[in-house]
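>>> build me a structure from this.
(one chain, ligands or ions: 5)
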Amino acid sequence: MNAKLAVLFFLLTVGMAMPILLGIRSIPDIQLPNLHTGYQPEQPIPYSHRLHAGVLNIDCQYCHSGADQGRHATVPSLDTCWNCHKTVAGRTKTAKESIAKLREAYMSGEGVEWKRVHNNPDFVYFNHQTHVRIAKYIDADGNISDGVDCQYCHGDMAKNGVAKQQEQLAMGFCINCHRDQNERHETANLPARAPVSACDACHR
Ligand code: HEC
Ligand code: HEC
Ligand code: HEC
Ligand code: HEC
Ligand code: HEC
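Ligands and ions are numbered 1, 2, ... in the order given. Here you go, the predicted model:
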């Protein structure tokens, strides 16, 4: 094992012990390294993917515009919501109340602090652009598509009310896909570039 990884193991142990050392009591608020399938924190505004991405069929990247541009997919600022909600005030009582909160947060300039749902530990490097735009994804039948679908890693978000982590984005999940993809790329005579045993590609 090289020195960097020894450090990694050390940090991991310390990291795990940190909440205990700090005497933090509200354990449910602590997100353990990415083992949170089903993690669905309550959000300050009950924004629904089922309604917006499902029923209204708004494209994921209309809001998560960073996904094909860089490392982070990014969560939209309220300006994006305001494009519609300056006129859409809601029909039902709950909708009106929730949208009133949105209006208040927008008008006051305070914005909304969305709670993180997915959170890889800092020692993991993941880049959306590589996967969403640069990668060629080859399915088991050999069909090639541009980029990996959001759904592969996030499940069907359009079925969610409040966002929820659906896949355990653990090391095995990443590496299994990389191994399969590399084999399929070789079969298709395409460059196989997904790191499998190069630890430092994902741990920088
Ligand atoms: C109208 C804007 C909008 C659209 C369209 C939208 N989202 Fe989101 N998304 C948000 C907002 C706001 C949040 C933060 C609040 C939350 O987590 O529920 C979010 C959160 C997320 C998260 C969790 C982020 C985290 O903290 O880990 C994922 C994953 C996600 N969206 C994926 C998608 C996918 C996939 C689609 C398309 C099927 C999509 N979104 C469509 C606005 C949008
Ligand atoms: C190959 C797997 C994979 C694909 C494909 C993928 N994501 Fe992600 N996504 C992740 C991982 C891993 C994280 C956690 C990253 C972190 O914590 O640093 C994440 C985090 C996020 C987040 C919250 C943090 C951020 O980066 O802003 C949003 C929002 C999100 N993804 C949206 C999307 C959308 C929208 C798509 C499709 C356009 C998409 N993702 C495609 C794996 C993926
Ligand atoms: C493309 C237009 C559009 C965008 C962009 C948009 N919304 Fe909406 N939103 C709607 C419509 C339409 C409704 C349904 C209102 C109704 O008829 O009750 C709605 C409903 C809602 C509701 C009420 C849901 C309920 O039934 O309780 C909330 C909360 C909400 N939106 C938040 C947001 C947030 C936060 C954003 C930005 C991340 C956003 N919306 C972006 C069009 C949009
Ligand atoms: C659906 C299959 C799939 C999944 C799941 C996946 N990857 Fe990848 N990944 C790829 C492919 C294909 C490439 C090669 C892209 C190219 O052609 O350059 C790649 C490339 C990479 C690279 C090298 C390029 C770069 O961005 O630096 C890293 C690092 C990486 N992936 C990290 C991850 C991590 C971390 C995860 C899990 C959280 C993950 N991947 C999940 C398919 C996947
Ligand atoms: C394709 C990306 C990728 C590669 C390559 C990779 N890892 Fe990881 N590794 C991850 C992800 C993602 C996690 C975070 C897992 C979690 O949060 O559950 C992780 C976590 C870890 C952890 C923390 C323990 C754990 O399971 O959570 C150690 C230690 C580790 N990796 C060592 C290695 C070593 C050694 C190698 C090379 C043989 C390697 N990794 C290669 C993605 C990768």
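>>> and Val75, how far is that from ligand 5?
Applying C-beta to the nearest ligand atom, to the nearest Å, the value for Val75 to ligand 5 is 20 Å. No exception for glycine: its C-beta is placed from N, CA and C like everyone else's.
>>> what is the end-to-end distance of stretch 45-59?
Start-to-end span of stretch 45-59 (C-alpha to C-alpha, to the nearest Å) is 20 Å.
>>> how about the residues of this protein that lie near ligand 4?
Counting by C-beta under 6 Å from any ligand atom, the residues of the chain close to ligand 4 are 124-127, 130-131, 134-135, 137, 148, 152-153, 169, 173-174, 177-178, 181, 193-195, 201-202.
>>> what about 8 Å?
For the chain, the contact set with ligand 4 under C-beta under 8 Å from any ligand atom comprises 120, 124-127, 129-131, 134-137, 148, 152-153, 169-171, 173-178, 180-182, 185, 191-195, 201-202.
>>> near ligand 2, from those residues?
Near ligand 2, by the rule C-beta under 8 Å from any ligand atom, you find 120, 124, 126, 131, 148, 152-153, 169, 174, 177 out of the residues of the chain next to ligand 4.
>>> ok, the residues you listed vs ligand 1, which is closest?
Closest approach to ligand 1 among these (C-beta to the nearest ligand atom): Cys153, at 8.1 Å.
>>> skipping adjacent residues, who's closest to the residue nearest in space to the middle of the chain in space?
Closest residue to the average C-alpha location of the chain: His118 at 5.0 Å, with C-alpha atoms, centre = their mean. Leaving aside its sequence neighbours, His118 sits nearest to Gln165 (C-beta to C-beta, 6 or more residues apart in numbering; 5.5 Å).
>>> and the chain, which residues reach ligand 3?
So the chain meets ligand 3 at 45-48, 51-52, 56, 58, 62-63, 75-76, 78, 80-85, 88-92, 94-99, 101-102, 112 (C-beta under 8 Å from any ligand atom).
>>> any of those buried? List them.
Buried residues within the residues of the chain next to ligand 3, counting neighbours by 16 or more other C-beta atoms under 10 Å: 45, 47-48, 52, 58, 63, 78, 81, 98-99, 102, 112.
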